[in-house]
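Undergrad: sequence first, predicted model second:
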Amino acid sequence: MTERMRIGIVGTDTSHSIAFAELLNDRSHRYRVPGGEVVLAYPGGSPDFELSRSRVAGFAEEMSRRFGVWMADRPEQVAAECDAVLLLSADGRVHLEQFEAVAVGGKPVFIDKPLACSLKEATAIAELARAKSVPVMSSSALRYAEALTKQLQGREDDRPVGVDCYAPMFMEPTQRGYFWYGIHSAEMLYAILGTGCRCVRASGSGDAETIVGVWSDGTVGTIRGSRSGGFPFAAAIARERSSSFANIASEEKPFYASLLEQVMEMFRTGVPAVGMSETLEIIRFVEAANQSRENGGGPVELEPANS
């Protein structure tokens, strides 16, 4: 890996593409993440997904104009000409196909949330990554938000006994229920409790969405979401000896910067901060929540995902 990595982006249909390019390429940015530069991007875009179709060209043009990023004709070109790939396409349905195109030469790949919109496709990505020896990491930026990180540091000896996460819960018809925005709060929940959820219930009524997970040690984690965006991202953590509250908006540092720091470390070392087994469990958690919601809120049991 070169000292200053050439980084490619696949998918300019999301504001994340601009956020990451700015943090890497703008040397005057207060929270600049050093070590690499975005040099090439493949726009992509999904014609049947309005938020993708309407934004892909504009973000591609902005990336070219502001940061001098060249546009590629195919995702394979991005992988061939760069040291590492940020697969950022807003549409989780295309992640498997695009990963198949860039999983070459063992170059590390970050796949923006969600890894995929089903456990079947997420598992296929994991199996291909293993077969091709490609380091892969996938995560929501909310996992690394400063306000949450501060509430987790130094608390290893004070076990959480219950967690309530609050979040916007926007939904998009093409993105399978909670996979669009529920993935953010699911990542927060797993950052606090770790793996081991064994049962999920979910229900929606009007503006409100509720997901309840029960972990193997009996710990209960809940997600309370607002489909209109009325809840800010936050988490209340009850511990054996103390309690704390993380208000994500209370910190100035962008959570994209905190995530990108972890991604760049993975690009350098090949070791992801979030293991694939945990990522697969999170995808199964969201899939189970969708299943429960569709079935009237009944419980859905989770089996440990294969890594």
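TA: Looks like it arrived, so ask away.
Undergrad: Validate this expectation: residue 155 resides in a strand.
TA: No: if the criterion is DSSP: H, G, I helix; E, B strand; the rest coil, then residue 155 is coil and not within a strand.
Undergrad: for it, grab phi and psi.
TA: phi -110, psi 20 (degrees, to the nearest 10).
Undergrad: again, but for residue 239
TA: The phi/psi pair for residue 239 (degrees, to the nearest 10) is phi -120, psi 170.
Undergrad: was I right about it contacting residue 161?
TA: Yes: under the criterion of CB atoms under 8 Å, residue 239 makes contact with residue 161 at 6.4 Å. In short, each C-beta sits where N, CA and C put it, glycine included.
Undergrad: specify the residue ranges that define each domain of the chain.
TA: 5-112, 142-253+284-301 (automatic domain parsing).
Undergrad: give me the mean pLDDT for the longest one.
TA: Pointing back at domain 142-253+284-301 there. Taken as a whole, domain 142-253+284-301 has a mean pLDDT of 96.
Undergrad: now stretch 122-138
TA: 98.
Undergrad: got a list of contacts for that stretch?
TA: 95-96, 99-100, 103-104, 106-116, 262-263, 266, 270-274, 276, 279-280, 283, 305-307 (CB atoms under 8 Å, 6 or more residues apart in numbering).
Undergrad: just these: which are in strands?
TA: Assigned to strands by DSSP state E, the following of the contacts of stretch 122-138 qualify: 109, 110, 111, 112.
Undergrad: right, and the second one touches residue 266 too?
TA: Yes: counting by CB under 8 Å, a contact exists between residue 110 and residue 266, whose distance comes to 7.0 Å.
Undergrad: closest to residue 48 among the ones in strands among the contacts of stretch 122-138?
TA: residue 112 (19.2 Å; CB to CB).
Undergrad: what's the distance between the closest residue to the closest one other than its chain neighbours and residue 148?
TA: Excluding the flanking residues, the one nearest residue 112 by CB to CB, 6 or more residues apart in numbering is residue 88, at 4.6 Å. Here residue 88 is placed at a distance of 22 Å from residue 148 (CB to CB, to the nearest Å).
Undergrad: does residue 287 really touch residue 120, like I thought?
TA: No: using CB under 8 Å, residue 287 makes no contact with residue 120, being 9.2 Å away.
Undergrad: which of the two has more neighbours?
TA: residue 287 (24 against 11; other CB atoms under 10 Å).
Undergrad: list the buried residues in the helix or strand where the more buried one lies.
TA: For residue 287, the host element (DSSP states H and E) is helix 276-294. Under the neighbour-count criterion of 16 or more other CB atoms under 10 Å, helix 276-294 has 276, 278-290, 292-293 buried.
Undergrad: buried sites along the strand or helix carrying residue 61?
TA: Assigned by DSSP H and E, residue 61 belongs to helix 56-67. Using 16+ other CB under 10 Å as the test for burial, helix 56-67 gives 56, 59, 60, 62, 63, 67.
Undergrad: what residue of the protein is the furthest out?
TA: residue 241 (30.9 Å; CA atoms, centre = their mean).
Undergrad: and it, how far is that from residue 158?
TA: 5 Å.
Undergrad: residue 42 now?
TA: 46 Å.
Undergrad: compare these two and say which one has the larger neighbour count.
TA: A count of neighbours by other CB under 10 Å puts residue 42 above the other of residue 42 and residue 158, at 26 against 14.
Undergrad: backbone dihedrals for that one, both of them.
TA: Per degrees, to the nearest 10, the backbone of residue 42 is at phi -110, psi 120.
Undergrad: surely it is in contact with residue 72?
TA: Yes: using CB under 8 Å, residue 42 is in contact with residue 72, at 4.5 Å.
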